[in-house]
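A.B. asks: Provide a 3D model corresponding to the input given below.
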Amino acid sequence: MPSPGPTAAPATGEVPLPAREPAPATLAQAAERAAGDLLTPSAPHRLADVVPAPAQVQPDPTEDWVLPAEAVIVVTADPAALAVATQLAELLRPATGYPLPVIHAASRPLPATDAATPPSPSTPPASDAAAPERVDGIALVLDASVDLGAEGYRLDIARDGVRLTAGTATGLFHGVQTLRHLLPPAIESPTPVTARWALPGGTITDAPRFPYRGAMLDVARHFFTVEDVLRVVDHLARYKLNHLHLHLTDDQGWRIAVDSWPRLTSVGGATEVGGGPGGHYTKADYRRIVSYAAARHITVVPEIDLPGHTNSALVAYPELAPDKTAPPPYTGTEVGFSYVDPADERTYDFVADVLGEVAALTPGPLLHIGGDEAFKVNGEVYTGFVERVQRIVADLGKTVVGWHQLAPAAHLDGRVLQWWGTNADDPTTAEAVRRGARLIVSPGNHAYLDMKYAPDTPIGHDWAGLIDVRKAYDWDPGTHVAEVPATAVLGVEAPLWTESVTSLADIEFLLLPRLPAIAELGWSPRATHDWADFRERLAGQGPRWAAAGITFHRAPEVPWPSTPTIPTQRNTPQTDTATP
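C.D. replies: The predicted model follows:
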């Protein structure tokens, strides 16, 4: 007797459905994936090929995973986590051409008390036990019970999918950047390409060494558009930096609108180095920068430089000048000649108004008051001015930050000094730390990204020395300043002054590849710092920058790939634009 075929009725008497053939689209996807497997037989990266270096890496080559065209991104039902999942989808869609829908995980059911009671809008999201699963997709799990700190994350990659867990949305965002670095470089392409989107198997558990990791952009010497600043934010986010310090005022231009002193921008903002047109940010412009940065878990730190570096303010308001006479606009690059009158009460009205309006626009806790190179305001006059301005900042509910020249002034709770020296033996700063100050470390001869790479670098300076990539990397923020313990170091920052920088391409050329070096010093455990390993991982970033159309310096000490892979363009419509 012949055995029953696939449509024979079972013994229960149910009528079976005929076997269904796969849809043509499914067959096409399967064929494309199989072809990709043949072209690229294994995951192209090691699990440790990440910049900055993760704290803990446990590779498992048997668990490599390939992103399928039908993959979904499942996320904890929390608005902040959903925002990160949406960013991940927007990041992956352009190059892959995949739809990558984002799906909420179900919230935890309410206790079965009174069925007539409506659900509360404050019902917490699912705990890890009810968290999204990763079945051949990517799961983003927000779980406050995990011990990963404010910015840490855990990334698990296995054959059945990817699971990213963090206690905060910030941790999820940093984990997304790691996931991004583990995909092939073609993932940075703004248009669809044919590639095998493989991730190496294993687990990364990661958290930062320092809470403050930043970069500074000087928009006063040369003005840069909002779009240029947003592009810089993208670069910071890529390498887990979490602060953008904007140097908004200087002798050459005033760049932030202040309603109570409108000539600061209409007059003071109309110049820049070399005599260009200058420019300024409206309050709406500034809010846009702050909002864009916050969406990428970056805090904006605005700087109003006082009492020196104020020629642009004096041109606009001569009453602030010691002789009450307007100086001519300044478009050169010398420093130390200008200052507001520390003996006039009108000066403190000005300071309170300006800092008050900037503070109201800035949700972050830090307000930078500069304080460097005020060569004509000496001794007790200088410290008296600083102490009064520090109190103005505190009364606004902000934490004062200033260059390390503020050190002799009386300490104020929470005060942060930004150290930019080239001689690490600095007893005055060490004494300020003993009185309670914390440090952001930005040594001019290691972290100043406006320094030239080599004598023939076409832009930049060399007053602090030449800074190639190795010099940017080979130092320790935690022990750099003599007699300052690592516990007093809040973090590290890489400033970019723009006397010689006139375009976004110039900015990127000086930032990259040194910015990732500073980022690694701020993020990664000291034990992971190794130049030979870092230069190999950094080399892998070059094809990513090339795919994204980012300008960078091909530093000779880095073994860049000699023949970058050029992925095959696909005629698949672009579904979205990439965001970091």
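A.B. asks: pLDDT on stretch 352-370, on average?
C.D. replies: Average pLDDT, stretch 352-370: 98.
A.B. asks: How about stretch 387-403?
C.D. replies: Stretch 387-403 shows a mean pLDDT of 98.
A.B. asks: Can you get me the start-to-end distance on that stretch?
C.D. replies: End-to-end distance for stretch 387-403: 14 Å, by C-alpha to C-alpha, to the nearest Å.
A.B. asks: Pull the residues that contact it.
C.D. replies: With C-beta atoms under 8 Å, 6 or more residues apart in numbering as the test, stretch 387-403 has contacts from 301, 303, 306, 348, 351-352, 355-356, 359, 362, 365-372, 386, 406, 409-410, 412-418, 420, 440. C-beta: built from backbone N, CA, C; applies to glycine.
A.B. asks: Any quick ChimeraX command for the buried ones out of the residues you listed?
C.D. replies: With 16 or more other C-beta atoms under 10 Å as the criterion, this ChimeraX line picks the buried residues out of these:
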select :301,303,306,351,352,355,359,362,366,367,368,369,370,371,372,386,406,409,412,414,415,416,417,418,420,440
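A.B. asks: Now, the contacts of stretch 387-403 that are in strands?
C.D. replies: Among the contacts of stretch 387-403, the members falling in strands (DSSP state E) are 301, 303, 306, 366-370, 416-418, 440.
A.B. asks: Nearest to residue 88, out of these: which one, please.
C.D. replies: In terms of C-beta to C-beta, no member of those lies closer to residue 88 than residue 301, at 26.8 Å.
A.B. asks: Residue 245 is in contact with the closest one, correct?
C.D. replies: Yes. Contact between residue 301 and residue 245 holds when scored by C-beta atoms under 8 Å: they sit 4.4 Å apart.
A.B. asks: where do the contact lists of those two overlap?
C.D. replies: The overlap between the contact sets of residue 301 and residue 245 (C-beta under 8 Å, 6+ apart) consists of 214, 368.
A.B. asks: Show the pLDDT at residue 122.
C.D. replies: Here, the pLDDT recorded for residue 122 equals 32.
A.B. asks: Kindly report the same for residue 85.
C.D. replies: In this prediction, residue 85 has a pLDDT value of 98.
A.B. asks: immediately after the helix or strand hosting it, which helix or strand?
C.D. replies: Using DSSP states H and E, the secondary-structure element containing residue 85 is helix 79-96. Beyond helix 79-96 in the direction of the C-terminus, DSSP H and E gives the next helix or strand as strand 102-104.
A.B. asks: quick one: buried residues of that following strand?
C.D. replies: Going by neighbour count (16+ other C-beta under 10 Å), the buried part of strand 102-104 is 102, 104.
A.B. asks: I'd like to know which elements that strand is packed against.
C.D. replies: The criterion is 3 or more C-beta pairs under 8 Å, 6 or more residues apart in numbering; DSSP states H and E, and the helices and strands that strand 102-104 contacts are strand 73-75, helix 79-96.
A.B. asks: How about residues contacting that strand?
C.D. replies: Under the criterion C-beta under 8 Å, 6+ apart, residues 72-77, 82, 85-86, 89, 132 lie in contact with strand 102-104.
A.B. asks: on that earlier part again, of the helices and strands packed on strand 102-104, which stretch is the most buried?
C.D. replies: Per-residue neighbour counts averaged over each of the helices and strands packed on strand 102-104 give the maximum for strand 73-75, namely a mean of 25 (mean count of other C-beta atoms under 10 Å).
A.B. asks: Okay, now the sheet partners of that strand, with direction.
C.D. replies: Based on DSSP bridges, the pairing partners of strand 73-75 within the sheet are strand 102-104 (parallel), strand 138-142 (parallel).
A.B. asks: closest to residue 454 out of those strands?
C.D. replies: Comparing the strands paired with strand 73-75 under C-beta to C-beta, the one sitting nearest is strand 138-142, at 42.1 Å.
A.B. asks: and after the closest one, which helix or strand comes next?
C.D. replies: strand 153-158.
A.B. asks: Quick one: name whatever helix or strand follows that following strand.
C.D. replies: Toward the C-terminus from strand 153-158 - assigned by DSSP H and E - lies strand 161-166.
A.B. asks: which strands and helices sit next to the helix or strand that that next one is followed by?
C.D. replies: Heading C-terminal from strand 161-166, the first helix or strand you meet, by DSSP H and E, is helix 169-182. Helix 169-182 is packed against helix 79-96, strand 138-142, strand 153-158, strand 161-166, strand 202-206, helix 226-238, with contacts defined by 3+ C-beta pairs under 8 Å, 6+ apart.
A.B. asks: so which of these comes closest to residue 533?
C.D. replies: Relative to residue 533, the nearest member of these by C-beta to C-beta is strand 202-206, separated by 15.8 Å.
A.B. asks: Name the surrounding residues that touch the closest one.
C.D. replies: Taking contacts as C-beta under 8 Å, 6+ apart, the residues outside strand 202-206 that touch it are 47, 50, 54-61, 63, 148, 152-157, 174-175, 178.
A.B. asks: how about the closest residue to residue 229 other than its chain neighbours, what does it touch?
C.D. replies: Computed as C-beta to C-beta, 6 or more residues apart in numbering, the closest residue to residue 229 that is not its neighbour in sequence is residue 289, at 5.4 Å. Counting by C-beta under 8 Å, 6+ apart, residue 289 makes contact with 226, 229-230, 233, 246, 281, 300.
A.B. asks: How are the strands of the stretch 401-550 of the chain distributed by residue range?
C.D. replies: In the stretch 401-550 of the chain, the segments counted as strands under DSSP state E, counting those that start in this stretch are 416-419, 438-441, 489-496.
A.B. asks: Relative to the last one, what are the paired strands and their orientations?
C.D. replies: Spelled out, that is strand 489-496. The strands beside strand 489-496 in its sheet (DSSP bridges) come out as strand 212-218 (parallel), strand 438-441 (parallel).
A.B. asks: between those strands, which gets nearest to residue 539?
C.D. replies: Among the strands paired with strand 489-496, if distance is taken as C-beta to C-beta, the winner is strand 212-218, at 21.5 Å.
A.B. asks: re earlier: and the residue nearest to residue 229, which of the three is it?
C.D. replies: Following DSSP: H, G, I helix; E, B strand; the rest coil, the label given to residue 289 is helix.
A.B. asks: Give me the nearest residue to residue 384, chain neighbours excluded.
C.D. replies: Skipping the residues right next to it in sequence, residue 384 comes nearest to residue 342 by C-beta to C-beta, 6+ apart, at 7.0 Å.
A.B. asks: now swap in residue 98 and tell me
C.D. replies: Closest to residue 98 by C-beta to C-beta, 6+ apart is residue 69, at 5.0 Å.
A.B. asks: pretty sure the one you found is in contact with residue 100, am I right?
C.D. replies: No. Residue 69 is beyond contact range of residue 100, at 9.2 Å (criterion: C-beta under 8 Å).
A.B. asks: The two: which has the busier surroundings?
C.D. replies: Counted by other C-beta atoms under 10 Å, residue 69 and residue 100 do not tie: residue 100 has more neighbours, with 23 against 17.
A.B. asks: so how far is residue 299 from the closest residue to that one other than its chain neighbours?
C.D. replies: Nearest non-adjacent residue to residue 100, counting by C-beta to C-beta, 6+ apart: residue 89, 4.5 Å away. Taking C-beta to C-beta, to the nearest Å as the criterion, residue 89 is separated from residue 299 by 25 Å.
A.B. asks: Likewise for residue 397?
C.D. replies: For residue 397, the distance to residue 299 equals 15 Å [C-beta to C-beta].
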